[in-house]
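quick one, structure for this:
(chains A and B)
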Amino acid sequence: MSQDSNDGLFARLGRIDRRWIFLAMALAIIAPILMRLRFEEEPQRMAQATFDTIEALPAGSKVLMSLDYDPSSEGELQPMANALIHHCASRGHKIVFMTLWPFGTPLLDKTVKRILLEYHPQLKYGTDYVTLGYKPGLEGVVKLMSSDIPKQFTTDKQGTPIGEVPLLAGVKDLSGFQLVVSVSAGYPGAKEWVQFGNGPTPDAFAVIGGTTAVQAAQLLPYFPKQMEGMLLGIKGAAEYELLVQKAYMPERFPERLEDGRIRMGSQVFAHMLMIALIVLGNIVMAAGRARGGAK
Amino acid sequence: MLQRTVPIAILSLSGIIMILAYFSPWTESWGNTVIDWFNIIAGVAFILGAGNLLRVNLEKISSQRPGWAYAAITIVSFMAVLVVGLFKIGAVPSDRFPDVHFAGDIDSADSTLGWIYFYVIGPLGATMFSLLAFYVASAAFRAFRAKNLESILLLGTAFIILLSATAAGVWLTKPIPADSPIAFLKFERLRAFITEVVQSSGMRAIGIGTAIGIAALSIRLILGIDRSYLSKGGGDA
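A predicted model of the protein is given here:
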């Protein structure tokens, strides 16, 4: 008789090949995306505050949008970036794009083409939106922008001198913007925009931060005083998407504003699996102790 | 002598200027100049980083250390992307100067570098990040055990956060009316309490402690007491 057949069910579960766990996790993530499952979401305080902050700005306000992330966190952050851009453009705000991350530029370029110009083809470069691109210098870039933007960015990404860009006429420093939005995956990101950008002139402009769930703890102390709006992880994105869709449903490609909700499907199943695994792991431990074989 | 004195003098001067620039509007432009230097140095740091990457990996290949083939792949990939970027191979022509090759946009999503970005770097980065989910799942089964009071508290918190981050959590406690005396038991409210009160308090304490530590370290650096950043001949005075 084999060793396995002598053992109890729980003992065998305790020795389960971890590849089965990997397979279960893969199914929990892939199946909801393939099936495009969407669950009910109820916008919470942070998503609502983000929406309200953008709504409260008068049409035509200048918004600096810094997309501070790279491909490794694109899956979690792109949905909230899409919704934020569409919301700002729908409200008639003028958007200046930039990134503090070297790998952020192609992503920024793609987002402008895929969201801003597909949803709002009437917008004109230079007057309605501008791309500054990437500058090395980490938080130094933010610090210098807080007092002298033309010194930091002498041209836009296309090589046009900053003084010749109509949208940036009269914008000397960050106080020339009414809102700064940073969608960030870490350092430098939303935290640095508060500390070095908003710090010297706390009332000059509002700040909205979007971040990954694992970075959330670092940003939480800044809400709602230093950051008027905050979106945390894919859940924050899904909640905010709902609010934006309700107010400004795009006529074309509405599915591009549902990525957050669709990815939440994976999160629901992955979290439920995690809970089941934790419970199962503890039952196995308790059973082992009951048999007197607890480790 | 110069190797130690000059860096300390530059650091002290820069530090003092930055402090003055923060508190006095007359010296703000001095601070901007220092930040400008910093940004230039940060740009040059990329070159140093690239040089270091080449040195470390070439050493690995020449000594045939275990995993040297990966070092070779790293160097080939690095050189390929560098050549594409430096010579702007496949750049999107500029609107302002369409006939000038080097005025083209290499960062565009439609350029060769954009292709490498979206079809190589992107999937690789996302793959590395998503591997976390699998390891966390395995760890949840094998290591997350309620062995004592602390671990039970941790488990309870994890349950609330995991459940409340899904529609399932909201659905489970939906029958509780919002104005009920036990409305605080709704998962979304428990989550808000944990994150906005408990977690924020902890993070604020850590943040304030870190800030005080940075301030103390900065003063030691500006005064030349801490010289550990000097490669040789430094160390605490």
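
what's the closest non-adjacent residue to the residue in the stretch 101-250 of chain A positioned nearest to chain B?
Closest residue of the stretch 101-250 of chain A to chain B, Cβ to the nearest Cβ: residue A:137 (3.4 Å). Backbone N, C-alpha and C define where each C-beta goes, glycine included. Excluding the flanking residues, the one nearest residue A:137 by Cβ to Cβ, 6 or more residues apart in numbering or on different chains is residue B:39, at 3.4 Å.

from residue B:22, how far off is the one you found?
According to Cβ to Cβ, to the nearest Å, residue B:39 and residue B:22 sit 18 Å apart.

tell me which residues of the helix or strand of chain B with the lowest mean pLDDT are tucked away?
Lowest on mean pLDDT, DSSP states H and E among the helices and strands of chain B sits helix B:167-172, with a mean of 81. Judged by neighbour count (16 or more other Cβ atoms under 10 Å in any protein chain shown), helix B:167-172 contains these buried residues: B:167, B:168, B:169, B:170.

ok, so of these, who is nearest chain A?
residue B:167 (3.5 Å).

which ones are touching that closest one?
A:39, A:40, A:41, A:264, A:268 (Cβ atoms under 8 Å, 6 or more residues apart in numbering or on different chains).

mind listing what's buried in stretch A:31-40?
Buried residues in stretch A:31-40 (16+ other Cβ under 10 Å): A:32, A:38, A:39.

doesn't residue B:225 fall inside a strand?
No. Under DSSP: H, G, I helix; E, B strand; the rest coil, residue B:225 falls outside any strand and is assigned coil.

and it, how many neighbours?
11 (other Cβ atoms under 10 Å in any protein chain shown).

what of the one 4 residues further on?
Taking other Cβ under 10 Å as the neighbour definition, residue B:229 ends up with a count of 10.

quick check: nearest residue in space to it, chain neighbours excluded?
Excluding the flanking residues, the one nearest residue B:229 by Cβ to Cβ, 6+ apart is residue B:221, at 7.3 Å.

who does the helix or strand hosting that neighbour touch, helix- and strand-wise?
Following DSSP states H and E, one finds residue B:221 within helix B:200-222. Helix B:200-222 sits against helix B:2-23, with contacts defined as 3 or more Cβ pairs under 8 Å, 6 or more residues apart in numbering or on different chains; DSSP states H and E.

again, only this time at 10 Å
helix A:216-219, helix B:2-23 (3 or more Cβ pairs under 10 Å, 6 or more residues apart in numbering or on different chains; DSSP states H and E).

shouldn't residue A:12 be in contact with residue A:284?
Yes. Counting by Cβ atoms under 10 Å, residue A:284 is a contact partner of residue A:12 at 9.4 Å.

got the contact list for the most centrally placed residue in chain A?
Of all residues in chain A, the one closest to the mean position by Cα atoms, centre = their mean is residue A:77, 3.1 Å from it. By Cβ atoms under 10 Å, 6 or more residues apart in numbering or on different chains, residue A:77 lies in contact with A:67-70, A:107, A:183-185, A:210-212, A:215, A:231, A:233-234, A:237, A:260.

mind listing what's buried in the helix of greatest length in chain A?
Longest helix in chain A by number of residues (criterion: DSSP state H): helix A:259-290. By neighbour count with 16+ other Cβ under 10 Å, helix A:259-290 contains the buried residues A:259-275, A:277-278, A:280-282, A:284-285, A:287-288.

and that helix, how far out from the chain middle?
25 Å (Cα atoms, centre = their mean, to the nearest Å).

and the helices in chain A?
So, for chain A - with DSSP H - the helices run A:3-6, A:9-14, A:18-34, A:45-56, A:74-90, A:104-111, A:117-119, A:139-145, A:149-152, A:190-192, A:216-219, A:233-247, A:259-290.
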